[in-house]
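Colleague: here is my input; please provide its structure:
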Amino acid sequence: MAKHEIIPCERCGTPIECKANSYTKCQCSVVYLDLNEVQYISELYENCLCAKCLFELQQEYRDSVANPSISQ
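Modeller: Modelled structure (predicted):
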């Protein structure tokens with residue numbers, strides 16, 4: 001069995017085990033993002049993020065859509 005790479009979350013630096021070749025087993029697969037949320041996050045970050053940061057960014061995006069004046 002191949003060992004997965006331990007990398008830092010691009011946003012918070014927490015070490016995460018990257019399982020890009022086994023996505024369904026990766027810690028980030030617990031976060032269900034819609035297409036707009038994926039686009040929002042991909043405009044801010046290029047590399048892997050931990051599930052906690054993904055949840056926080058998802059909420060940040062949803063808050064900005066619900067209250068557009070806050071993000072201005």
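Colleague: tell me who's in contact with the residue sitting nearest the centre point of the chain.
Modeller: Residue closest to the average C-alpha location in the chain (Cα atoms, centre = their mean): residue 54, at 3.2 Å. By Cβ atoms under 8 Å, 6 or more residues apart in numbering, the residues touching residue 54 are 28, 31, 33, 41. C-betas here are computed from N, CA, C, even on glycine.
Colleague: now do the strands in the protein.
Modeller: 5-8, 15-18 (DSSP state E).
Colleague: now do the last one: which elements does it pack against?
Modeller: Read that as strand 15-18. Contacts defined by 3 or more Cβ pairs under 8 Å, 6 or more residues apart in numbering; DSSP states H and E place strand 15-18 against strand 5-8.
Colleague: circling back to that earlier point, please report the distance of the residue nearest to the centre of the chain from residue 9.
Modeller: Distance, residue 54 to residue 9, by Cβ to Cβ, to the nearest Å: 9 Å.
Colleague: quick one, longest helix in the protein?
Modeller: helix 51-66 (DSSP state H).
Colleague: count the residues that sit near residue 21.
Modeller: 10 (other Cβ atoms under 10 Å).
Colleague: next one: residue 48
Modeller: That count, for residue 48 with other Cβ under 10 Å as the rule, works out to 21.
Colleague: check contacts around residue 12.
Modeller: 50, 52-53.
Colleague: try 7 Å this time
Modeller: Neighbouring residues of residue 12 by Cβ atoms under 7 Å, 6 or more residues apart in numbering: 50, 53.
Colleague: can you give me the distance of it to residue 24?
Modeller: From residue 12 over to residue 24 (counting by Cβ to Cβ), the distance is 23 Å.
Colleague: then residue 7?
Modeller: 19 Å.
Colleague: on that earlier part again, now the buried members of the contacts of residue 54.
Modeller: Among the contacts of residue 54, the ones that count as buried by 16 or more other Cβ atoms under 10 Å are 28, 31, 33, 41.
Colleague: so which of the residues you listed belong to helices?
Modeller: Filtering the buried ones among the contacts of residue 54 for helices - DSSP H - leaves residue 41.
Colleague: would you turn the buried ones among the contacts of residue 54 into JSON lines with distance to residue 19 and pLDDT?
Modeller: What follows is the buried ones among the contacts of residue 54, written out as JSON lines (distance: Cβ to Cβ, whole Å; pLDDT from 0 to 100):
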{"residue": "28", "distance to residue 19": "9", "pLDDT": "83"}
{"residue": "31", "distance to residue 19": "14", "pLDDT": "92"}
{"residue": "33", "distance to residue 19": "17", "pLDDT": "94"}
{"residue": "41", "distance to residue 19": "18", "pLDDT": "96"}
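Colleague: no further queries at this time; thank you.
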